[in-house]
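S.K.: Pasting the sequence and the predicted model now:
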Amino acid sequence: MLDIKFLRSNPEIVKENIRKKFQDRKLPLVDEVIELDRQSRAAQQEASDLRASRNKISKSIGGLMAQGRKEEAEEMKKKVAEQADRLAELEKLEAELQEKVTKIMMVIPNIIDPSVPIGKDDSENVEVQKYGEPAVPDFEIPYHTDIMERFNGIDLDSARRVAGNGFYYLMGDIARLHSAVISYARDFMIDRGFTYCVPPFMIRSNVVTGVMSFDEMDAMMYKIEGEDLYLIGTSEHSMIGKFIDTILDEKNLPQTLTSYSPCFRKEKGAHGLEERGVYRIHQFEKQEMIVVCKPEDSMIWFDKLWQNTVDLFRSLDIPVRTLECCSGDLADLKVKSVDVEAWSPRQKKYFEVGSCSNLGDAQARRLKIRVNGENSRYLPHTLNNTVVAPPRMLIAFLENNLNADGSVNVPVALRPYMGGKEKLIPVK
């Protein structure tokens, strides 16, 4: 969410940013919120003047009574009562206007970084760099669920009967591989200096609206009926929420956390042929990382975060590339974002396995996260990035480590988490 003072002083910059994000329908909101803000400040000023006047009159009433000028004192009391009625009206009006201002400010997008490429949607995202040589073997690679079934590693039919589409049972070596990847990712991030965290898997509505846009919330979050709680769609929301309404000491920055959690998502919309199996699902597990830092350090941390994901995937022999998200593909709170995509030998193309985002001070402003600096109090910047989400990562892992005989190589880094196994041998 933008600072209302910035919008008030720079309406054309805000409008141009909206155009860059191809959200022209939001352009009228800028003028609307400026007018509502003007009315709110006018009501606030009148209320302030009335309070000062009322205090002054109240003091004079005592003097008039002491002088025996009761009639004049009674007239003053009437005036104070009238002012009290008007003050109540103004306070109510001010609250209503401020609520409208906040509601509009919540949907006006954050100012994107100048380095962000301009484009309408994800088809115009820009490749930054490739890591590792993408290879296509001389044997056919089956669909990922077919590979898993050779190990008796997945049961989608039972999951449908139990929970419906978008769920799965992982079994045997495939289930163990899933857990091994999570454990490896946890230790990988701890070795890079991040503090390990297991956060709450449900969050209140004020945290939800503090960390994401209304559009994202509607598309992703499951509401707990009868309670002010939502199942988390990603643990970054719970971890950023950890700092809600707090004042951090600057000497304790940056805050660097890595978390494990299950994630729950509605995943609205049509799912294509390549999104069957465990690609797009309602429940999965993930290792995440977040940073809360000084504004001047956020771009340095942004590059460190996505590099962590690249390094983890390369340590498991999976070629990846980074993709700069264009303006139209950025969620409203994001300043800049890079996707990490893994190579799919079967599809002969890359697909998304993680996303790194710098949100500037937007989440901090919504959640009232502040920092006591040496000379002043300020809002920190927040960042997040996927370390690894095993369901999609398993697809990339199995395809890139599959052998012609159906066995799957276990990279050296993962073997301690797989009981020392060097290969997974299919049972079918």
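M.R.: Okay, I see it. Quick caveat: nothing in here was measured; it's all calculated off a predicted structure.

S.K.: Any idea what Cys293 is bridged to?
M.R.: Beta bridges link Cys293 to His381 when assigned by DSSP bridges.

S.K.: Would you map the helices across the stretch 151-300 of the chain?
M.R.: Assigned by DSSP state H, counting those that start in this stretch, the stretch 151-300 of the chain shows helices spanning 156-163, 172-191, 205-211, 214-220, 235-241, 298-315.

S.K.: And the longest one, what does it pack against?
M.R.: Right, the one you point to is helix 172-191. In this structure, helix 172-191 makes packing contacts with strand 195-197, strand 255-264, strand 283-293, helix 298-315, strand 381-388, helix 390-400, judged by 3 or more C-beta pairs under 8 Å, 6 or more residues apart in numbering; DSSP states H and E. In short, each C-beta sits where N, CA and C put it, glycine included.

S.K.: average pLDDT for that helix?
M.R.: Helix 172-191 comes out with an average pLDDT of 97.

S.K.: Run the angle between it and helix 390-400 for me.
M.R.: 110 degrees (axes from the mean of the first three to the mean of the last three C-alpha atoms, to 10 degrees).

S.K.: Output helix 172-191 as CSV - backbone C-alpha positions only.
M.R.: The C-alpha trace of helix 172-191 is given here as CSV (Å, rounded to 0.1, in the frame of the first residue of the first chain):
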residue,chain,number,x,y,z
GLY,A,172,7.1,-45.3,-0.3
ASP,A,173,10.3,-44.0,-1.9
ILE,A,174,8.4,-41.1,-3.5
ALA,A,175,7.0,-40.0,-0.2
ARG,A,176,10.5,-40.3,1.4
LEU,A,177,12.0,-38.3,-1.5
HIS,A,178,9.4,-35.6,-0.8
SER,A,179,10.4,-35.4,2.9
ALA,A,180,14.1,-35.6,2.0
VAL,A,181,13.9,-32.6,-0.3
ILE,A,182,12.1,-30.5,2.5
SER,A,183,14.7,-31.6,5.1
TYR,A,184,17.6,-30.8,2.7
ALA,A,185,16.1,-27.4,1.9
ARG,A,186,15.7,-26.6,5.6
ASP,A,187,19.4,-27.4,6.3
PHE,A,188,20.5,-25.7,3.1
MET,A,189,19.0,-22.4,4.3
ILE,A,190,20.1,-22.8,7.9
ASP,A,191,23.7,-23.2,6.5
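
S.K.: Count residues in the vicinity of the closest residue to Phe264 other than its chain neighbours, would you?
M.R.: Among residues not flanking Phe264 along the chain, Leu231 sits closest, at 4.0 Å (C-beta to C-beta, 6 or more residues apart in numbering). The tally of other residues near Leu231 (other C-beta atoms under 10 Å) stands at 19.

S.K.: Asn384 now?
M.R.: 25.

S.K.: what's the spacing between the residue nearest to it when sequence neighbours are not counted and Ser355?
M.R.: Leaving aside its sequence neighbours, Asn384 sits nearest to Glu236 (C-beta to C-beta, 6+ apart; 3.9 Å). Using C-beta to C-beta, to the nearest Å, Glu236 is found at 10 Å from Ser355.

S.K.: what sits against the residue nearest to Phe264?
M.R.: For Leu231, the contacting residues are Phe201, Met202, Met221, Tyr222, Ile224, Phe264, by C-beta atoms under 8 Å, 6 or more residues apart in numbering.

S.K.: what's across from it in the sheet?
M.R.: Met202, Tyr222.

S.K.: pLDDT at it, what is it?
M.R.: For Leu231, the model assigns a pLDDT of 96.

S.K.: Comparing Glu236 and Ser355, which shows the higher neighbour count?
M.R.: Glu236 (28 against 21).

S.K.: coming back round to it: quickly note the distance from the residue nearest to Phe264 to Pro199.
M.R.: 13 Å.

S.K.: and if you look at Glu250?
M.R.: Computed as C-beta to C-beta, the Glu250 to Pro199 distance reads 24 Å.

S.K.: Pro319 too?
M.R.: Pro319 is 32 Å from Pro199, where distance means C-beta to C-beta.

S.K.: quick one on the thing from earlier: and the contacts of Leu231, which are buried?
M.R.: Met202, Met221, Tyr222, Phe264 (16 or more other C-beta atoms under 10 Å).

S.K.: Which residues are in contact with Arg314?
M.R.: Arg314 makes contact with Tyr131, Gly132, Val320, according to C-beta under 8 Å, 6+ apart.

S.K.: again, 6 Å this time
M.R.: Neighbour list for Arg314: Tyr131, Gly132 [criterion: C-beta atoms under 6 Å, 6 or more residues apart in numbering].
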